[in-house]
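Enquirer: coords please:
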Amino acid sequence: MSKSFSAGVKGLLARLLKGPIRSYNKRKIRQIHQGRPFQAQALDPPSLFGKKILVLVPHIDDEILGLGQFFLDLKGKAEIDLLYTTDNRNGQGDEVRFEELKVIAEELNLHVIKAIDIPNAQKTSHLRANWDYFLDRIKEVLVARDYDLVCSVNFLDAHVDHEATCFGLAQALKDLGDREGAPPHILLYQGSNFLPYAWINRYLLIDEEDKKKLRKLSSVFSSQIFIEFDFYECLAQELARTYLHTEEAGEFYRIMTREDFLHLAQALDFDQIIRDYPFRFSAHHSFHKMVDGERERQEKYTGILQSLEE
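Expert: Next up, the predicted model:
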C-alpha cells in the first residue's frame, strides 16, 4: 500500500469518525486532569495596561493558539511586540504565512519586530545548531526596550522549536545578567503540550463572544493544513470545565519572576524533555498518541517545580 493511499484512507477515517473521536478526547482530557489540586488566580488584564510586553513565538499561529484571549483583553491597552524565533519558511505556506500574520497583527494591534532568520525544524533543530546566533538575536531585542513582561511558549513541549525558544530565552536572560531594565516577570503559555496542573497559576476565561472572535482569527491561517484549530478550542473548553467548573473556555499560563524562571530552567534537562514528550497535540485524530503517561509526566515536572519552591 503506497504512503499517499494510506494517508488518504487515514484522512477519510478521521473525517468520518470525528464526532466519536472528539467525544473520546474530551473524556481523556477530563480523566488526565480530574482530582488534581489546582491553585490559580484569574489574570488581571488592567494590571498590564500601558505595559511593554515582548512575546516570543516559534511559528506563525502559535500566538493565537497560546495567547489569543490574552491579546483580545489587552488590545490597544498595552504595547505588545512579537519576535518570531524561526523564519517560518521550512514547510507549507511560506510568504502566505506572513500575509496571514499581517492580518492578525493589524486586527489585534500587535507589532511584529521580525522573524529570526533560522529555519523552523522539521527533522532537525536548526535553533540548536545555530545556538549562539539565536541567543544573540534574542538579546538584541531584549536590550532594545525595557520590557515589563516577556511571554514565551513553555519548556515542556514536544516541538523542539518551542522547547528551544524557552530555553533560549532563559540563556539570553542569564547572559545579560542583572542589567537595569531587565524584565521583572516571565509568562509561560501553553503550546503543543499541556502545562502541568501545578505550573498553572493564572488563567483567563473565554466567553462565547470571544470564542467567536478567536475562531475568526484562526480562520485567517488558511495555509495551516496540519493544525485543527477547533481541537484547541476543545482543549480550552475541557480544561476550564475540569479545573474551574465552568462552561466557558480557558487560557492557562504560569507567571514567574525572572529569577524563578532562571532557576526552573537550570533544573530542567533539554534532552530529557525530548525523551519525555515524544508526541504533541495538533488534531483530534492524533491526540491519542500523547495520552499515555501524561499524568505521570505532569507529576514528574510538578515535583521538579515544587522542589524549587521549598
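Enquirer: touching, I32 and V291? I think so.
Expert: Yes. Contact status for I32 versus V291: in contact at 7.2 Å, counting by CB atoms under 8 Å. From N, CA and C alone the C-beta is placed, and that goes for glycine too.
Enquirer: please compute how far the helix or strand that contains I29 lies from its chain's middle.
Expert: I29 belongs to helix 18-33 when elements are defined using DSSP states H and E. Computed by CA atoms, centre = their mean, to the nearest Å, the chain-centroid distance of helix 18-33 equals 21 Å.
Enquirer: buried residues in that helix?
Expert: In terms of neighbour count (16 or more other CB atoms under 10 Å), helix 18-33 has its buried residues at 18, 21-22, 25-26, 28-29, 32-33.
Enquirer: switch those over to JSON lines; also include distance to P45 and pLDDT.
Expert: Listed next are the buried residues of helix 18-33 as JSON lines, based on distance: CB to CB, whole Å; pLDDT from 0 to 100:
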{"residue": "K18", "distance to P45": "34", "pLDDT": "78"}
{"residue": "I21", "distance to P45": "35", "pLDDT": "90"}
{"residue": "R22", "distance to P45": "31", "pLDDT": "91"}
{"residue": "N25", "distance to P45": "30", "pLDDT": "93"}
{"residue": "K26", "distance to P45": "28", "pLDDT": "93"}
{"residue": "K28", "distance to P45": "31", "pLDDT": "94"}
{"residue": "I29", "distance to P45": "26", "pLDDT": "94"}
{"residue": "I32", "distance to P45": "29", "pLDDT": "94"}
{"residue": "H33", "distance to P45": "25", "pLDDT": "94"}
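Enquirer: ok, back up a step: can you name every helix or strand that the helix holding I29 contacts?
Expert: Contacts defined by 3 or more CB pairs under 8 Å, 6 or more residues apart in numbering; DSSP states H and E place helix 18-33 against helix 229-244, helix 294-309.
Enquirer: contacts made by that helix with the rest, please.
Expert: Applying CB atoms under 8 Å, 6 or more residues apart in numbering, the external contacts of helix 18-33 come out as 14, 194, 197, 231, 234-235, 238-239, 241-243, 284-285, 287-288, 291, 294-295, 298.
Enquirer: show me just the buried residues among these.
Expert: So, of the contacts of helix 18-33, 194, 197, 231, 234-235, 238-239, 241-243, 284-285, 287, 291, 294-295, 298 end up buried under the neighbour-count rule (16+ other CB under 10 Å).
Enquirer: contact partners for Y277?
Expert: Applying CB under 8 Å, 6+ apart to Y277 gives the contacts 156-158, 193, 290, 297.
Enquirer: and if we set it to 6 Å?
Expert: Counting by CB atoms under 6 Å, 6 or more residues apart in numbering, Y277 makes contact with 158, 193.
Enquirer: mind starting the numbering at 13 from now?
Expert: Yep, numbering from 13; the last one is Y289 now.
Enquirer: and it, its phi and psi?
Expert: The phi and psi values for Y289, taken as degrees, to the nearest 10, are phi -120, psi 80.
Enquirer: what does L120 give?
Expert: According to degrees, to the nearest 10, L120 has phi -100, psi 10.
Enquirer: the residue lying closest to it once chain neighbours are set aside: how many residues sit nearby?
Expert: Excluding the flanking residues, the one nearest L120 by CB to CB, 6 or more residues apart in numbering is F83, at 4.6 Å. As a burial measure, F83 scores 25 neighbours (other CB atoms under 10 Å).
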